[in-house]
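would you be able to build a 3D model of this:
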Amino acid sequence: MKLKYVGKRILIIIPTFIGITILAYFLSAMAPGSPIDMILGTQNLGPDDVARLTKLYGLDQPVIIQYFNWFRLLLQGNLGLSYRTSEPVLSMILSRMGPTLLITLTSVVISVILSIPMGVAAAVKPYSAWDYIASGISFLAAAAPNFFVSLILVYIFGVRLGILPTSGMYTSASAKEFGDLVRHMILPVAVLAFQQIGNLIRQVRGSMLEILQEDYIRTAREKGLKEGRIVIRHGLRNALVPVVTTVGMNLPFIIGGAVVTEQIFSWPGIGSLMVQSINARDYPAIMGITVFIAVVVLIGNLIIDLIYGILDPRISYK
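Numbers count the residues shown, from 1 in each chain. Next up is the predicted model:
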């Protein structure tokens, strides 16, 4: 049944993916400015040179034809060449993919590890001091923009205290040490994790409050089971289902937040590459990054749907 469910989901993913690429391509084409202007820069070339470059990159054709030409190459596994660097877009993305996945996945793990105990403790003792503290952290994390949090952390730990680096992935490109990488990761990962903690704490607290009122929890208490065992073994597993849902729904926002965070911290990932490509009107690079993000989000949501069945066997895939 799971294989049949996965097949149905893939059939839904395909038109969704095509729709995303169409929307992204046409929005890119509608943006002010032309890739030719960015390519020429300050060069003083004549109209004949501009016309030649326009034809070379296929920009003299209607947008719909440009899109189909791009999509035909995509089906062949070719994302084209960057207008800005003349490098294969696929190799550019692959070189930036690791750093982005490193900070985004690390931030998800840290946010889940911090949010679950805070949300559970707030639900077990509602309206206590701990509940108010957890709720305060949740509202603050949900309300504070990640660029604002980034600037605050840069000022405190980079400018005032001077204990953490505020840009790049390594201090020296020639000496790549693990400890140096961890120090450079702390601030961007903290920003991305803080961005997610707000929703996760609220979800865990709300879900646990509801579950702790269920009949099977009351039955477990009447049997004399210890409260800790009831909360962890019987309550927490069912409470994790909404948490998984929240993580899945937040995937686009996590990656979107990484774009801003990577730009602020000069992190060499997909996000900073996206900003550079947009500024240069580099259509192949923009579309290649869009494909990467769309695939990650769509497949991530499919995996999360399958995790539901592991956490809660009552869920059916029919």
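
give the buried residues for the biggest helix by length in the chain.
Ranked by number of residues, the top helix in the chain under DSSP state H is helix 89-124. Of all the residues in helix 89-124, those buried under the rule 16 or more other C-beta atoms under 10 Å are 89-90, 92-93, 96-97, 99-100, 102-104, 106-108, 110-112, 114-116, 118-124. C-beta here means a position set from N, CA and C on the backbone, and glycine is covered the same way.

how about stretch 166-186?
In stretch 166-186, counting by 16+ other C-beta under 10 Å, buried: 166, 169, 180, 184-185.

can you check stretch 205-220 too?
For stretch 205-220, a neighbour-count test (16+ other C-beta under 10 Å) marks 205, 207-209, 211-212, 217, 220 as buried.

and these, which of them are in helices?
Of the buried residues of stretch 205-220, the ones assigned to helices by DSSP H are 205, 207-209, 211, 217, 220.

can you tell me which two in the buried residues of stretch 166-186 are farthest apart?
Thr166 and Asp180 (13.7 Å; C-beta to C-beta).

between those two, which contacts overlap?
With contacts defined as C-beta atoms under 8 Å, 6 or more residues apart in numbering, no residue is shared by Thr166 and Asp180.

show me the helices in the stretch 201-318 of the chain, by range?
Along the stretch 201-318 of the chain, counting by DSSP state H, counting those that start in this stretch, helices occupy 215-222, 227-229, 237-264, 270-279, 283-311.

for Tyr67, find the nearest of the ones you listed.
helix 283-311 (9.0 Å).

so that closest one versus helix 89-124, what angle?
40 degrees (axes from the mean of the first three to the mean of the last three C-alpha atoms, to 10 degrees).

helices and strands of this protein: which one bottoms out on pLDDT?
Using mean pLDDT, DSSP states H and E, helix 35-40 stands out as the lowest-scoring helix or strand of the chain, at a mean of 69.

could you look up the next helix or strand downstream of that helix?
Per DSSP states H and E, the first helix or strand lying C-terminal to helix 35-40 is helix 47-56.

any idea of the mean pLDDT in that following helix?
Mean per-residue pLDDT for helix 47-56: 76.

right, I'll leave it there.
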